[in-house]
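1. this one's structure only:
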């Protein structure tokens, strides 16, 4: 196979040499299409309604995906962003220069065609080739059976081949764009201001994750890729931007699986004078509007399940649900060893969890998340798990926090935000102690500048972080995050 590919490359390099000898630029810049493939089909329909057999001369372009010689005619297929259309070069309608150029074309080349659109006797929409122009010479062949490229490693590592071969991947890229457009439209209608916050940060705070490190030579200091946008967005609220959000990449030095990628996209928003109940309603309305505007319905298929995004979502008290599903009451099992023992009794492997918060996260993941198929909020988390959330008015061991789950995946995390700077400082200091005690576990970090900002006063605020990649997975019925991220991180081969 490799020797065969090498021979193809040699042949194409020879053709490239011939093109140069004939004074033909194989990589020109001066072709302007007037019609893409969809516009060609629309034009053909219009002229046929008028009783005409062919259109005026148009300019179109795309990648050559097939070349077929039939007697004194050559058929080519070109593929553009919107689809495929056939070209027909008749021997009696093209000059010698065009004939010679066509002989030098290969599958994979980009070409521009000039000619009218018509329909063949076999009812195939076709552009008649009056002239053709090579726009980019392809030196490497497309993979064998490129039109059905299935190898997952090839698809993810060489996404450009995936986009050529699989029309559904091109559709995912376009639909992801639609989803983010609808998200921005919703936030604008709700009165939010979109901002940008730093990606390189001195303190990787605002979440529980291991960061990526880098070094800035000019500043002579260590910096980190952000793990969250939370603390900078809250600074905006302190400064008087009462409804603020950001859509952006986060970076977490964590494992890779079907639901996780080390770099991923989130939308975080913060609203002054709101609490987590207000944020729950916003999340429901946001998903409802996006799903309907993209899919035209409130019910969509995801795997074997039909998901209904019509509000209200189910609301489950975390403590009561854990007792019901596992028999464990975190108010009673408030010690690491007691909780470990109780979790072991119900078959949960606790060897990798060291802290109480880590154990609780494992318990929720194993006993609750898989059953949360329809859109559901888990509400009211233990203080120990939530260093940035405000205490419940009813219970000082609980914070006003919820996580949203759909199809067994966490889709969002939200709080009534802690705005007491003294309490926040104590919690950050506790996180630092826990991080020293359990360095293997993910812990938040103390950000002194954020605390100074908070000391200037932040109004009551509700905030949420929503995973955009998982949202896209759900709406487009994709089981792997790698399908909705154009260039996912992959292990070295």
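-> Received it, and whenever you're ready, just let me know what you need. The structure presented is a predicted model; accordingly, all values stated were derived computationally and were not measured.

2. Can you show me the helices along this protein?
-> 2-21, 37-49, 96-103, 152-157, 159-165, 167-189, 230-238, 276-295, 318-326, 336-345, 356-367, 421-437, 448-455, 468-475 (DSSP state H).

3. Could you tell me the least trusted of the ones you listed?
-> Note on these: lowest mean pLDDT is at helix 152-157, with a mean of 75.

4. Which other helices and strands does that one contact?
-> Secondary-structure packing of helix 152-157 (3 or more C-beta pairs under 8 Å, 6 or more residues apart in numbering; DSSP states H and E): helix 159-165. In short, each C-beta sits where N, CA and C put it, glycine included.

5. Buried residues of the helix it packs on, list them for me.
-> Neighbour counts using 16 or more other C-beta atoms under 10 Å place 159, 161-165 of helix 159-165 among the buried residues.

6. do stretch 252-265 as well
-> Neighbour-count burial for stretch 252-265 [16+ other C-beta under 10 Å]: 252, 259, 261-262, 264-265.

7. Which of these fall in strands?
-> 264-265 (DSSP state E).

8. Could you single out the nearest of the buried residues of stretch 252-265 to residue 39?
-> residue 265 (32.1 Å; C-beta to C-beta).

9. wait, that closest one sits on residue 470?
-> No: Residue 265 is beyond contact range of residue 470, at 9.7 Å (criterion: C-beta atoms under 8 Å).

10. now the top strand by length along the chain, how far from the centre of its chain.
-> When the chain is parsed with DSSP E, its longest strand is strand 54-70. Centre-to-centre, strand 54-70 and its host chain are 34 Å apart (C-alpha atoms, centre = their mean, to the nearest Å).

11. Direction included, what does it pair against?
-> Take DSSP bridges as the rule and strand 54-70 pairs in its sheet with strand 73-80 (antiparallel), strand 110-119 (antiparallel).

12. out of everything not next to it in sequence, what's closest to residue 376?
-> residue 314 (4.4 Å; C-beta to C-beta, 6 or more residues apart in numbering).

13. Same question for residue 430.
-> Nearest residue to residue 430 in three dimensions, chain neighbours excluded: residue 387, at 7.4 Å (C-beta to C-beta, 6+ apart).

14. quick one, what contacts the one you found?
-> 418, 427-428, 430-431, 444 (C-beta atoms under 8 Å, 6 or more residues apart in numbering).

15. hmm, try it at 10 Å
-> Residues near residue 387 by C-beta atoms under 10 Å, 6 or more residues apart in numbering: 205, 208, 357, 399, 418, 423-424, 426-428, 430-431, 434, 443-446.

16. How far does stretch 259-277 stretch from one end to the other?
-> 27 Å (C-alpha to C-alpha, to the nearest Å).

17. how far away is residue 114 from residue 25?
-> 17 Å (C-beta to C-beta, to the nearest Å).

18. again with residue 77
-> 24 Å.

19. What of residue 413?
-> From residue 413 to residue 25 the distance is 54 Å (C-beta to C-beta).

20. quick one: which of the two has more around it?
-> The residue with more neighbours, out of residue 413 and residue 25, is residue 413; 22 against 13, by other C-beta atoms under 10 Å.

21. can you pull the pLDDT of the more buried one?
-> So residue 413 comes in at 97 (pLDDT).

22. Equivalent analysis for residue 149, please.
-> For residue 149, pLDDT reads 61.

23. ok, residue 456 touching residue 421?
-> Yes: counting by C-beta atoms under 10 Å, residue 421 is a contact partner of residue 456 at 8.7 Å.

24. would a markdown table of the helices of the chain with distance to residue 487 be doable?
-> Shown next, in a markdown table, are the helices of the chain (distance: least, C-beta to C-beta, whole Å):
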| stretch | distance to residue 487 |
| --- | --- |
| helix 2-21 | 24 |
| helix 37-49 | 26 |
| helix 96-103 | 35 |
| helix 152-157 | 8 |
| helix 159-165 | 6 |
| helix 167-189 | 11 |
| helix 230-238 | 26 |
| helix 276-295 | 23 |
| helix 318-326 | 36 |
| helix 336-345 | 38 |
| helix 356-367 | 28 |
| helix 421-437 | 32 |
| helix 448-455 | 32 |
| helix 468-475 | 12 |
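
25. okay, those helices, which one's buried deepest?
-> Highest mean neighbour count among the helices of the chain (mean count of other C-beta atoms under 10 Å): helix 468-475, with a mean of 24.

26. Which residues are in contact with residue 483?
-> By C-beta under 10 Å, 6+ apart, the contact list for residue 483 reads 152, 155-156, 162, 168-169, 172, 258, 469, 472-473, 476-477.

27. what's the answer for residue 24, then?
-> 16, 18, 97, 100-101, 104, 133-134, 137.

28. give me that answer again for 8 Å
-> Residue 24 touches 101, 134, counting by C-beta under 8 Å, 6+ apart.

29. what about it, distance to residue 15?
-> 10 Å.

30. likewise residue 305?
-> Residue 305 sits 52 Å away from residue 15, going by C-beta to C-beta.

31. Same question for residue 292.
-> 52 Å.

32. Equivalent analysis for residue 23, please.
-> Counting by C-beta to C-beta, the gap from residue 23 to residue 15 is 14 Å.

33. next one: residue 101
-> From residue 101 to residue 15 the distance is 10 Å (C-beta to C-beta).

34. Check residue 154 too.
-> To residue 15, residue 154 is 26 Å away according to C-beta to C-beta.

35. now residue 478
-> 39 Å.

36. give the contact list for the residue nearest to residue 487 when sequence neighbours are not counted.
-> Of all residues beyond its chain neighbours, the one nearest residue 487 is residue 159 (5.8 Å), with distances taken as C-beta to C-beta, 6+ apart. Contact analysis of residue 159 by C-beta under 8 Å, 6+ apart lists 169, 486-487.

37. Return the closest of the residues you listed with respect to residue 186.
-> Nearest to residue 186 among the contacts of residue 159, counting by C-beta to C-beta, is residue 486 at 23.3 Å.

38. measure the closest residue to the closest one other than its chain neighbours to residue 169 for me?
-> Counting by C-beta to C-beta, 6+ apart, residue 486 lies nearest to residue 159, which is 5.8 Å off, once chain neighbours are set aside. Applying C-beta to C-beta, the value for residue 159 to residue 169 is 8 Å.

39. just residue 478 next, same as before
-> For residue 478 relative to residue 169 (C-beta to C-beta), the value is 10 Å.

40. Compute the distance between residue 349 and residue 323, please.
-> 21 Å.

41. same question, residue 483
-> Taken as C-beta to C-beta, the span from residue 483 to residue 323 is 37 Å.
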